[in-house]
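Novice: Next input, structure requested:
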Amino acid sequence: MASGGATISSSGGLADRYAAALYSLASDQNVLDHVVDQMDGLGRLIDASDTLRRLLYSPLIDIKTANRALQDALTAQGFGKTITHFVGVVTANRRLAALRSIVTAFAALVAQKRGVVVAQVTTAHPLTDVQEQQLRARLIESGFGNVNIDQHVDPSLLGGLVVKIGARLYDTSLKSRLQRLQYAMKGAA
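Specialist: Numbering: from 1, shown residues only. A predicted model of the protein is given here:
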C-alpha cells in the first residue's frame, strides 16, 4: 500500500478510481471536509429515494435527461458545485449505476486516510444507541482503534450479529449457529 496515494482494491476498481479522483480533487481545492459531508448526504439521498434509485439503475433513461434531472435534484437539495459536477462526470461516462458504490468507496477511502476502521455490522434488528456504543467499545478494546459502524439489518439472521472488519468476519448470528448445529447433527447420523 503506497502512502499518500489512493489504494485501489480489485473488488471495486471502478468505484475506487472515481472515489480516489474525487478525493484528490477535493484535497487540491481544500474542500475535503465539505465534500465528505456532501457525499455522505448523497448516499443518504440515494438510499432514501426510490425514484432516484430507479433513475440511477434504469438503462432506458437517456443520459441527457438523467443528467438534467440529477443536476436539478442535487441543486434543489443544496449540493455544491464539486458534487454536482462530479455527478455530471459520472453521468456523462455512463456510470450512474455505480454511483452508490462510488459513494461507499469514497467513504471507505476517507476513513482509511483518517485512520478510521469501518466495521460492517449486520443485525436481525436495528441496534440501539447503547448497543452500538457497547459494540464500538468492544471493538476498540480488541485493538481496532477508531471505529465507525456501518449498520445493516437482515431479518434472516434471526438474532445475534455479523461483524466484518477488513478481511475478518465475526459471525455470532443465530442463523449461523443453527446451520452449524444442523451440519453437526448430519455428521452424527
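
Novice: ok, which stretches of the chain are helices?
Specialist: 13-28, 32-48, 50-57, 63-76, 81-92, 99-113, 129-139, 174-188 (DSSP state H).

Novice: how about these, which one is nearest residue 123?
Specialist: Closest of those to residue 123 is helix 129-139, at 8.5 Å (criterion: Cβ to Cβ). No exception for glycine: its C-beta is placed from N, CA and C like everyone else's.

Novice: what sits up against that closest one?
Specialist: Outside of helix 129-139, the residues within contact range by Cβ atoms under 8 Å, 6 or more residues apart in numbering are 117, 119, 121, 127, 147, 149, 151, 161, 163, 165.

Novice: residues touching residue 99, list them.
Specialist: With Cβ under 8 Å, 6+ apart, residue 99 has these contacts: 42, 46, 56, 87, 90.

Novice: Next one, pLDDT for the residue nearest to the third one when sequence neighbours are not counted please.
Specialist: Think residue 56. Excluding the flanking residues, the one nearest residue 56 by Cβ to Cβ, 6 or more residues apart in numbering is residue 96, at 4.8 Å. Looking at residue 96, its pLDDT is 91.

Novice: Quick check: buried residues in stretch 153-170?
Specialist: Neighbour-count burial for stretch 153-170 flags 157, 161-163, 165 (criterion: 16 or more other Cβ atoms under 10 Å).

Novice: JSON lines for those residues, including distance to residue 140?
Specialist: Compiled in JSON lines, the buried residues of stretch 153-170 are given as follows (distance: Cβ to Cβ, whole Å):
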{"residue": "157", "distance to residue 140": "24"}
{"residue": "161", "distance to residue 140": "17"}
{"residue": "162", "distance to residue 140": "19"}
{"residue": "163", "distance to residue 140": "13"}
{"residue": "165", "distance to residue 140": "12"}
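
Novice: and the residues you listed as CSV, adding distance to residue 134 and pLDDT?
Specialist: Formatted as CSV, the buried residues of stretch 153-170 follow (distance: Cβ to Cβ, whole Å; pLDDT from 0 to 100):
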residue, distance to residue 134, pLDDT
157, 18, 87
161, 11, 91
162, 16, 92
163, 13, 91
165, 16, 87
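
Novice: and those residues, which of them are in strands?
Specialist: Those of the buried residues of stretch 153-170 mapping onto strands are 161-163, 165, per DSSP state E.

Novice: For residue 123, give me its contacts.
Specialist: 151-154, 157, 160-162.

Novice: Residue 175 versus the residue nearest in space to the middle of the chain, what's the distance?
Specialist: Geometric centre of the chain, nearest residue: residue 104, 3.1 Å, by Cα atoms, centre = their mean. Noted for residue 104: a distance of 25 Å to residue 175, by Cβ to Cβ, to the nearest Å.

Novice: just to revisit the earlier point, ranking the helices of the chain by mean neighbour count, which comes first?
Specialist: Highest mean neighbour count of these: helix 99-113, a mean of 20 (counted as mean count of other Cβ atoms under 10 Å).
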